[in-house]
Structures are given as C-alpha cells and as structure tokens.
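S.K.: Just need the structure, nothing else, for what follows:
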Amino acid sequence: MEIPLLPDVVIILGLAVVVILFFQRFKLPTILGFLATGVIAGPYGLSLIHDTHEIEILAEIGVILLLFIIGMEFSLRNLAMIKRTVLLGGTTQVLATIVLVAGIMLLLKFNTGEAVFMGFLISLSSTAIVLKLLQDKGEINSPQGRVVLGILIFQDIIVVPMMLLTPLMAGGTQNIAWELTLMALKGVFVIVFVLISARYLVPRLLYIVARTKSKELFILSIVVICFAVAWLTSSLGLSLALGAFMAGLIISESEYSHQATSNILPFREIFTSFFFVSIGMLLDFSFMMQHLLVILTLTFATMLLKGFVATVAARILQYPIRISLMVGLSLFQVGEFAFILSNTGITNGVLSQETYQYFLSVSLLTMGISPFVIGSYQRISSSISSMIGGSKEPMPFEQHAPADHHDIPDLNDHIVIIGFGINGRNVAKAAKHASIPYVIIELNAVTVRQERHLGEPILYGDAVHGIILSHVNIHKARVVVIAISDPEATKRIIASIRSVSEKVHIIVRTRFIQEMEENYRIGADEVIPEEFETSIEIFTRVLTKYLMPRDQIESFTHMIRADNYDMLRSFTGRNNAVRNLELDIPDIEVASLRVYTNDEDIISKPLVEANVRNKFNITIVAIKRNNTTLLDINATTQIKTGDIVYVVGKPSDVTRFNNFLKPE
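M.R.: Residues are numbered from 1 along each chain as shown. The predicted structure is shown next:
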C-alpha cells in the first residue's frame, strides 16, 4: 500500500540533510538550511513537492510542539511575573508598528484598508524562529528573553482580533463588536480552564499515569494534553499555537515537566523542520529577482522600523538601551502568523496579489537574516549603545525608575550581588544572617520596587555599565557575586568590573561547564557551574548513604572544587588524587522503615518480648511517632502501627525486616 505523503517527506528530509550539511560546512544556521530546502523543493523552485497542503499540516504540528515545549519550560508563575511586559510592551510594539506602517502606505497612495492590514502583517514577528534561537542560546530567561517572549505572546493573542477586523476593513457587515466581546469571553474561559487544570486536574492525572511506570502511556498522555488544549483553543476561534503554549504552561506546574520535555523534544525537531521548509516553499524566486532592488529596500525599511519600535517598547518598560536594542534586534522580522493572516486578507480582497508577493519576499528575507542578527545581537547592541552614550546613562527613564538609588549607603568591604533570582536571594539571606553589608543590582523594575519596599538595599540598573558599578562602590567591595542567566552579559560584567578594580573577588554562577574557561580568562576568580554543583550534591549524598566519614566526603568535594572541577571532567592524570578517596564500606545499612503490619508478635509488645533483634538481626535505634522522635530505646519500648522505625543492620536483614513490616 502506497502512502501519498511518504515520497514528499522523503524528498524534503533527504534534501534537507544535503543542504544543511553544505550550510554547516560554512557555519551557516540550520534554520537557513531548512528555508533553502523549501525554496529548492517548492513550486517556484524545482517543483519536487506536489502536495504542499499536507506539508503545511506537518508544519503546523511543528509550531504546536515548539510552543508546547516553550510553555513547559516557562511556567504560570513566570508568566505572571511578565504580565506587564505582555500588556504594556506588546501593546506598544503592535499598535506603534500598525500606525507607522499604515501612515507610510497612505502616503504612498494605498487605500486605507490595505494600509492598515499591511500594518497588521508587519507588526507580527516570528515566534518559532526567535524563541528557537533564544532557546538554543540559553537566553529565554535573560532580561531580553523575557521581554521578547512577553511581546510575542501578545502578538499571538492579538492575531485573533486582527482576523475578525479584516472583513470589516473589506466592507463586511458582521457585528465586530459582538464578535470581539465573544472572543474576550472565550479568552477568559481558556484562562480559567488553564488555571484549574494546572492546579488540580493535570498533576493528579500525570501522577496516576507515572505510577504505572509505562513510558508509552506517559508520552501518549503528554501528547493528548498538548493537542487537546490546542484543539480546544482552535475550536473557540483562538490560535492553535496559543493553545499549545497554554498546554505547556499547564504541565509546567507539575513535577513531570522535565520528563515531558525530554520525551517531546525529538518530535519537535522533526516537525519544526517541516515548518521552516514550508515557509521557504512560499517564495517566488523569479518575482524576487525581478524586483530585487525594491524588495531589498522594503526589507531594510521593515527591519529598521520594527527594530526601532521594539526597542522603544523595551525602553518604555524601563530596560537599559543595551537590553532594549537586543529586543529590537530580535523582533525585526515578519512572522509565521502573518502568513496565516495574509490568507484572510486575500480571501476578503484586502490584499492584492502583487502586494502579497512583495510581502512574502520581504518576510522571508527578514526571517533568513534573523539567525545572523540574533547570533551577534550582544555585540551589535553594545556597539550602538556606546555610540549613543547608553553606557553612561545612570538610570534609563530615570523619572520612571522604581526607586531612587542615591539612598544606597556608602558601603565598604561589602558584597555586590548582581541578579536577584534564586541564587542572588540566597546570597543576600546568608549575608544578612552573617551581618555582612551587601547591595543588589537588578534589571527587573518590578522586582526592584517590591524589594525596596521590603527594605532590601537594591539598585535598578545594568551592571554592564561602569556608572552603575560606581554607584555601589565596586572598588571598595570585597566580593562580587554574578548570578544572572545571560552568559554574554556575564562576560561583559566581569570585564567591566575588572576595568574598575583588580582586587575585588568575583564569583560567577553559570549554567554549563563550557562557560567556565572564558569567564576565568576575562577575570573571574571563581566560576560555579550549576551542572557540576548538582553532581557534587548527588555523589555527596551517595557517599553519605555508604556511611563514609563526613570529614572524608568534605575533603573530597573540596579537592574537586580546588581543581576547578577538572576531576569530574576527566580522571586522566588525576589517579593519585582520586586514590586519596578510599571507600571502606561496612556491611551495614541505616534505614528508616514505615510500620504497616498489625502482626501481634511485635505490635504493641515490649521489644524484649517481641525479640526483634534476634529474629531479624537488626537493631532499632529510634522511633518516630506522631511527629515525635523517641531516642531512648530500651527493653520496654513498644512498636505501633504507623511508626517510622530507624534500624541498623546488614542490608539483607534490613530488607527482610522491611518486608515483614509491609501491609499483608
């Protein structure tokens, strides 16, 4: 039996392998390879693919899985923290872009409907491309990543009202006010559904599924949740991608989100490749070559206009020029939802075919340029910021700053904490407990305002800039702790600190081991990678379980940190150091066991009568009963159902006693 879609899938994936291998040889982004594959295989290229509609369905699945995973890696808590970014930043970016584009097109003698509709299209950026690139760079949770994500979420939501307004601009007679009201009610319903599901339904469902220990059932449940919520939002008139993001948020609130992510990732990579290929298929290469000069001019104008508007939106959110420019450099392209919206415009006669072809060419060019710009946006934004004097600004939009930083005390021999996430908060708590003076630098204006009200010595600003560092007396500090999620910004902060002070001790928190060497080279004194600290904590607990003396465990962990984690990276050449860790494992186990049995031979009988020690060859050293721990264990002590008994004995004897205590 022949599967009609199979030849097209084989052609696309096979051609993609060849094209991407070629692109990788010249270190070009993979996304460009997929776009090029679509151009070559599409109807305007070699016409290798005949059923483009089926490919578009696979592409839609790719977008759904991409937004689903991003939702799982985010969380409702994080979304609540950026609600101001979504509403204020997103509204500013979308409305300003629509007004500017429509104004320009009206000056060029386009009719009002087409001018406004083109503003709709240009205001939308590529959620799939931008978030994938930021995810690959590990910057989703960086300041610029949070702003970009917030604006993209607003764009995905605003697509629906745009689709409803399109018939009105074409002279439709339907009641748009009623439709918008109905859509708002549907949106409220979806939000309530997500909150209830995240809090009550999904965690219990996944617990039941996980308890079966069936990998297949777990994957199936995750996929069903993803597509069911996406189908629900689609049936309500909202976008599939928004529903997928909501489904991810639901699962993110459970302890199974990481496992779900690892299971879905392989599927996402395959289906998102179809999305980028399908976008490439839309490009009419001959039309683009015939009007190349005009298209290049429009592309440059689109990038400049969108980049400027997004930068202004980030500045209104009180982010520094450098961060704002990175937001602008991330959102300058035209996105995938614009293609969906453009079909609505063509159907209703709002968009002409010639304008549509210009739009397609410009959109795909901006998409193709995006990986290069986002890959270098740290360097570009820093250069532009320096040229316009952004590196010298003491406080961006100072009149709207959350608090005046001049009341920061004149500190000396203090700790400077850069970033007030979990790590920064813990350092501050420890410093406060030890009565060590400290000051915090944080970029999130809302966090700064809240913490200042709570009495924290916190300053709003970008630690990349020397003027901010000078306000916290960086030259008088003893220690600087850099605890932010942006690896590139971390390096620039280290360099900025070293340009002011060579004596201050810099401790850097990073996510990965690959970031250590560069941070040391720039000037960090200690670099603590989260992945290895986690492994140290794991093997510390393992050795503790084997009853190794605590001082020997501490000596070993100290030796690993002193060697900058080289021992964990490779044991080559370090055998002598490793042999210092001699594990003399006694043939005993210490365990805590729950008493379920009602056996009258031991329950409610004195231990001397129960004769537990002789029957099972174990010793009971403590009993926990009703939140009270009994340490004075003697011959008259009794065991009761529900107790937790702490026993010492050989592993086999402990296991035998545990089996006896289990319910019958």
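S.K.: which residue is nearest the middle of this protein?
M.R.: In the chain, the C-alpha nearest the mean C-alpha coordinate belongs to residue 140, at 4.4 Å (C-alpha atoms, centre = their mean).
S.K.: Next, it: secondary structure please.
M.R.: Three-state call for residue 140 (DSSP: H, G, I helix; E, B strand; the rest coil): coil.
S.K.: per-residue pLDDT, it?
M.R.: Residue 140 carries a pLDDT value of 75.
S.K.: now swap in residue 467 and tell me
M.R.: For residue 467, pLDDT reads 69.
S.K.: Residue 581 now?
M.R.: Looking at residue 581, its pLDDT is 50.
S.K.: same check, this time on residue 605
M.R.: Residue 605 is given a pLDDT of 89.
S.K.: before we move on, the earlier item: and the closest residue to the residue nearest to the centre of the chain other than its chain neighbours, how far from residue 223?
M.R.: Excluding the flanking residues, the one nearest residue 140 by C-beta to C-beta, 6 or more residues apart in numbering is residue 134, at 5.3 Å. All C-beta spots, glycine's among them, are computed from the backbone N, C-alpha and C. Counting by C-beta to C-beta, to the nearest Å, the gap from residue 134 to residue 223 is 25 Å.
S.K.: related to what we said a few turns ago, isn't the residue nearest to the centre of the chain up against residue 71?
M.R.: No: applying C-beta atoms under 8 Å as the test, residue 140 and residue 71 come out as separate, 11.4 Å apart.
S.K.: quick one, longest helix in this protein?
M.R.: Assignment by DSSP state H gives helix 143-169 as the longest helix of the chain.
S.K.: Let's test this: mean pLDDT of that helix, rounded?
M.R.: On average, helix 143-169 scores 82.
S.K.: buried ones in it?
M.R.: 143-160, 162-169 (16 or more other C-beta atoms under 10 Å).
S.K.: neighbouring contacts of the next helix or strand after that helix?
M.R.: Moving toward the C-terminus from helix 143-169, the next helix or strand (DSSP states H and E) is helix 176-196. Helix 176-196 is contacted from outside by 76, 157, 160-161, 164-165, 167-168, 229, 232-233, 236-238, 243, 246, 249-250, using C-beta atoms under 8 Å, 6 or more residues apart in numbering.
S.K.: domain assignment for the chain?
M.R.: 6-168+181-387, 398-524, 532-579, 589-661 (automatic domain parsing).
S.K.: Quickly, which of these bottoms out on average pLDDT?
M.R.: Among those, domain 532-579 scores lowest, with a mean of 64.
S.K.: quick one, strands of the protein?
M.R.: Shown for the chain, the strands assigned by DSSP state E span residues 415-418, 438-442, 458-460, 479-482, 505-510, 526-529, 589-594, 618-625, 628-630, 644-649.
S.K.: Tell me which of those lies nearest to residue 308.
M.R.: Closest approach to residue 308 among those (C-beta to C-beta): strand 458-460, 24.1 Å.
S.K.: So what would you say the end-to-end distance of stretch 439-459 is?
M.R.: Stretch 439-459 has its terminal residues 8 Å apart, counting by C-alpha to C-alpha, to the nearest Å.
S.K.: Please disregard the earlier target; I meant stretch 211-220.
M.R.: 15 Å.
S.K.: Can you point out the buried residues in that stretch?
M.R.: Going by 16+ other C-beta under 10 Å, stretch 211-220 has these buried residues: 218, 219.
S.K.: hmm, who's touching that stretch?
M.R.: 206, 209, 210, 256, 259, 260, 263, 264.
S.K.: swap the cut-off to 10 Å and go again
M.R.: Residues from elsewhere that reach stretch 211-220 (C-beta atoms under 10 Å, 6 or more residues apart in numbering): 206, 208, 209, 210, 221, 256, 259, 260, 263, 264, 267.
S.K.: Now do the contacts for the closest residue to residue 458 other than its chain neighbours.
M.R.: In space, residue 458 comes closest to residue 440 once its chain neighbours are excluded; the distance is 4.2 Å by C-beta to C-beta, 6+ apart. For residue 440, the contacting residues are 408, 415-420, 424-425, 427-428, 431, 447-448, 451-452, 456-460, 472, 481, 483, by C-beta under 10 Å, 6+ apart.
S.K.: Recalculate using a threshold of 7 Å.
M.R.: 417, 420, 424, 428, 456, 457, 458, 459 (C-beta atoms under 7 Å, 6 or more residues apart in numbering).
S.K.: Residues that sit against both of residue 140 and residue 71, list them.
M.R.: In contact with both residue 140 and residue 71: no residue, using C-beta under 7 Å, 6+ apart.
S.K.: Helices of the stretch 551-664 of the chain, residue ranges please.
M.R.: Taking DSSP state H, counting those that start in this stretch, the helices of the stretch 551-664 of the chain run over residues 566-569, 575-579, 607-610, 612-616, 651-661.
S.K.: With the stretch 401-550 of the chain instead?
M.R.: With DSSP H, counting those that start in this stretch as the criterion, the stretch 401-550 of the chain has helices spanning 422-433, 445-453, 466-471, 487-500, 516-522, 530-545, 550-562.
S.K.: Mind checking the ones you listed for the one nearest to residue 310?
M.R.: So among those, helix 445-453 is nearest, using C-beta to C-beta, at 17.8 Å.
S.K.: Pull the residues that contact stretch 146-161.
M.R.: 82, 85-86, 89-91, 93-94, 124-125, 127, 130-131, 134, 140, 180, 183, 237-239, 241-242, 310, 313-314, 317, 319, 327, 330-331, 337, 341.
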